[in-house]
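**Q** need a structure here:
(one chain, ligands or ions: 1)
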Amino acid sequence: MAGGMEASRAGGQNPQSFEALIIGAGFSGLYQLLSLRDRLGLSTRLLEAGAGVGGTWYWNRYPGARCDSESHSYCYTFSKDLLEEWEWTERYPAHPEIRRYLNHVADRFELRRDISFNSRVVAAEYDEEVNHWRIATENGGAFLAKYLIAAVGCLSAANVPSIPGLASFAGRWVHTGEWPHEGVDFRGTRVGLIGTGSTGIQAAPVIAETAGHLTVFQRTANYSVPARNGPLSRDFLGYLKKNHAAIRQLMHATPNGHAFAIEDRSAFDVSTDERLAIYEKAWEKGGLQFRASFRDLLVDKAANDTAADFIRGKIRQIVKDPATAAKLSNIDHPYAAKRPPIDTDYFETFNRDNVDLVDVRAEPIEAITPAGIQTRAREYPLDIIVFATGFDAMTGPLLRLNIRGRQGRSLAQAWQAGPRNYLGLQVAGFPNLFTVTGPGSPSVLCNMPVAIEQHVDWITACIEHLRSRGLERIEPLPDAVEGWVEEVNAAAKATLLPQAHHSWYLGANVPGKPRVFMPYAGGMAHYRGICDDIARRGYAGFRLSR
Ligand code: N01
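**A** Predicted structure coming up:
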């Protein structure tokens, strides 16, 4: 799609004008709409590609899809009333419950009247003369707005690998991130599942329950810790109601925005037996909190090895067939250097008679044939192929918007060598464009609603600052961008995260994508301090003008 052309057309079709335009009706877009409309009184419109609210949860309806953050931390905290009236049912919310929650939020705050659904943005162009963004949607909509807020999420552009022959496949194929709303009936079918990231690890056990046969195609073996999901007790719900403020405070104080603190001890402050007992307890408790057992797991390889060895040992204990156990535990990167999955019976699934594992490093996938998947070793006949192959993460959803800034320069040109911005919030040459949880911010390394609320609050305060001073534009200075890119790189290098060479954090999962560590790894609490300080200093590093 020619971005400029689309945008010009947008200008020519009696565009509707708003002060602010938001793209995306997920957690970030909904809260941004509420903030700009109800707190600042801006005329605001939200454009959403789907037919309903939910963002990533609108599309990700694959079997087993459930949030890995605990429900009481995977929600908004801006409204005490909302916190008190909403009750989660399980430790980790499943996708329908998250959609119910976001629909409730949309209704409660009367957000729908300012949302246009089925309105996929295909172009956005900055018009320097009038200081407006011109926005075009696929269904012919045309809009003008002074402020453009991309709230498109980090993991919303599905990545279907280009494997030769896919179009010839006689069966059905689906990507987990674009799951059919009516579901997929696996009963009695031969299913091939490609991908063993968080998604594949959630989906495999559920698919295996009804499929005739499931073949899991694993390229990179992965660590996983049991989620230990279950219903929430009345006692716990009562505790939540009384402790919202303290829980919020804790989420704001931790590097990753979860409602648990990272233990302030090194893996080597304790004896080997004590360490094993700590891991055992964390394994039994389940969840992402396993990562918080010691403070040095993500910065010291020797400390990390202790956790990695523990999990590998667990895999070998659980999986009965030694050859399968060896493939599953042959993990080539530090624990949690890729986003660590949590699971319900993932490794146990390989003890089922109807499940097999194929190691595609030993026998790479060569093609998809009409009958199934052809590896270097043999053909696997299949009725359904499930791609749990992830996303063109972080930059993908933004680049797909066809954004053009000053002098028609596209975001794709500006980011040819990888994302470059200030604080993950603004790009030089793209005035009044804000990216909620953009690359260069903690985003995916943080419990998302915490990162989202921080960005939305910052953006809202920034726009209020401009308006109250009669200022019309804000954009970052090139030096500030340089400095921030260096800071993002330095923060990543101080951790073990870049050591997972195939991680989507680095863009390595998409062929041709620049290898740049995208999220800010310096911790959410620290990042919040930086953003607040910059705002306090009159938005230092930004150019504010009339
Ligand atoms: O995607 P991924 P995901 N041939 O990119 C493999 C969030 N999330 O959808 O590692 C064969 O992690 C690829 O192999 P490799 C969470 O942040 C959250 O699972 O590149 N295999 C990998 O195994 C997560 O991190 C939740 O070698 C191919 C897999 O596909 C993020 O979303 C739940 C391949 C992709 O793993 C993304 O997770 C789920 C090919 N050509 C996800 N191409 C909750 O909290 C790719 N792979 C609910």
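**Q** The ligand contacts on the chain?
**A** Residues of the chain lying close to the ligand (Cβ under 6 Å from any ligand atom) are 66-68, 155, 161, 194-200, 202, 217, 219-220, 339, 360, 365, 388-391, 444, 502, 504, 509. Where you see a C-beta, it was placed from the backbone N, CA and C, and this is true even at glycine.
**Q** Need the buried ones from these selected in PyMOL.
**A** Selection of buried members from the residues of the chain next to the ligand for PyMOL, criterion 16 or more other Cβ atoms under 10 Å:
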select buried, resi 66+67+68+155+194+195+196+197+198+199+200+202+217+219+220+339+360+365+388+389+390+391+444+504+509
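**Q** Filter the residues of the chain next to the ligand down to the ones in helices?
**A** Counting by DSSP state H, those place 198-200, 202 in helices.
**Q** Could you dump these into TSV and include pLDDT and distance to Glu178?
**A** Shown next, in TSV, are those (pLDDT from 0 to 100; distance: Cβ to Cβ, whole Å):
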residue	pLDDT	distance to Glu178
Ser198	98	17
Thr199	98	12
Gly200	98	15
Gln202	98	16
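**Q** Go through these and say which is closest to Glu453.
**A** Nearest to Glu453 among these, counting by Cβ to Cβ, is Ser198 at 22.6 Å.
**Q** so who does the closest one touch?
**A** Residues near Ser198 by Cβ atoms under 8 Å, 6 or more residues apart in numbering: 68, 339, 341-342.
**Q** Next up, the contacts around the residue of the stretch 101-250 of the chain found nearest the ligand.
**A** At 2.3 Å from the ligand, Gly197 is the closest residue in the stretch 101-250 of the chain, using Cβ to the nearest ligand atom. Taking Cβ under 8 Å, 6+ apart, we find Gly197 in contact with 222, 338-339, 341, 388, 390, 504.
**Q** From those residues, pick the one nearest Asn330.
**A** Asn222 (10.6 Å).
**Q** Backbone dihedrals for the closest one, please?
**A** phi -130, psi 150 (degrees, to the nearest 10).
**Q** now Pro449
**A** phi -60, psi -30.
**Q** From what I see, it and His72 are in contact.
**A** No - counting by Cβ atoms under 8 Å, Pro449 stays clear of His72, with 11.0 Å between them.
**Q** What separation do you get for Trp88 and His502?
**A** 34 Å (Cβ to Cβ, to the nearest Å).
**Q** Tell me which stretches of the stretch 51-200 of the chain form strands.
**A** Ranges of strands within the stretch 51-200 of the chain are 115-116, 121-127, 132-137, 142-150, 172-175, 190-194, based on DSSP state E, counting those that start in this stretch.
**Q** Redo those strands as JSON lines? Include distance to Glu263.
**A** Converted to JSON lines, the strands of the stretch 51-200 of the chain look like this (distance: least, Cβ to Cβ, whole Å):
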{"stretch": "strand 115-116", "distance to Glu263": "43"}
{"stretch": "strand 121-127", "distance to Glu263": "44"}
{"stretch": "strand 132-137", "distance to Glu263": "46"}
{"stretch": "strand 142-150", "distance to Glu263": "37"}
{"stretch": "strand 172-175", "distance to Glu263": "38"}
{"stretch": "strand 190-194", "distance to Glu263": "35"}
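**Q** Any chance of those strands in a markdown table with mean pLDDT as columns?
**A** Shown next, in a markdown table, are the strands of the stretch 51-200 of the chain (pLDDT from 0 to 100):
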| stretch | mean pLDDT |
| --- | --- |
| strand 115-116 | 98 |
| strand 121-127 | 98 |
| strand 132-137 | 98 |
| strand 142-150 | 98 |
| strand 172-175 | 98 |
| strand 190-194 | 98 |
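**Q** Which residues does the helix or strand harbouring Thr306 contact?
**A** Assessed by DSSP states H and E, Thr306 sits inside helix 301-318. Identification of contacts with helix 301-318 by Cβ under 8 Å, 6+ apart yields 223-225, 266-268, 275-276, 279, 283, 290-291, 293-294, 296-298, 322, 325-326, 328-329, 331, 334-337, 347-348, 351, 496, 499.
**Q** Quick check: which ranges of this structure have low pLDDT?
**A** Low-confidence regions of the chain, defined by pLDDT under 70, span residues 1-13.
**Q** shouldn't His501 be in contact with Ala508?
**A** Yes - using Cβ under 8 Å, His501 is in contact with Ala508, at 6.1 Å.
**Q** returning to what we had before: can you point out the buried residues in the helix holding Thr306?
**A** For helix 301-318, a neighbour-count test (16+ other Cβ under 10 Å) marks 303-304, 306-308, 310-312, 314-315, 318 as buried.
**Q** Export those as JSON lines, with columns for distance to His132.
**A** As requested, the buried residues of helix 301-318 are arranged in JSON lines below (distance: Cβ to Cβ, whole Å):
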{"residue": "Ala303", "distance to His132": "52"}
{"residue": "Asn304", "distance to His132": "50"}
{"residue": "Thr306", "distance to His132": "56"}
{"residue": "Ala307", "distance to His132": "52"}
{"residue": "Ala308", "distance to His132": "52"}
{"residue": "Phe310", "distance to His132": "56"}
{"residue": "Ile311", "distance to His132": "53"}
{"residue": "Arg312", "distance to His132": "56"}
{"residue": "Lys314", "distance to His132": "57"}
{"residue": "Ile315", "distance to His132": "56"}
{"residue": "Ile318", "distance to His132": "58"}
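**Q** Return the member of the residues you listed nearest to Thr189.
**A** Ile318 (26.1 Å).
**Q** picking up where we left off before, looking at the buried residues of helix 301-318, which two lie furthest apart in space?
**A** Maximum distance among the buried residues of helix 301-318 (Cβ to Cβ): 24.0 Å, for Ala303 and Ile318.
**Q** Go through stretch 77-97 and flag the buried ones.
**A** Those would be 77, 79, 82-83, 86, 88, 91-95, 97, for stretch 77-97 by 16+ other Cβ under 10 Å.
**Q** CSV for those, including distance to Val53?
**A** Converted to CSV, those look like this (distance: Cβ to Cβ, whole Å):
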residue, distance to Val53
Thr77, 19
Ser79, 16
Leu82, 15
Leu83, 19
Trp86, 15
Trp88, 18
Arg91, 24
Tyr92, 20
Pro93, 15
Ala94, 17
His95, 13
Glu97, 14
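**Q** wait, which of the residues you listed is closest to Ser119?
**A** Of the buried residues of stretch 77-97, the one sitting nearest to Ser119 (Cβ to Cβ) turns out to be His95, at 22.6 Å.
**Q** measure Val481 to Arg108 for me?
**A** In terms of Cβ to Cβ, Val481 sits 38 Å off from Arg108.
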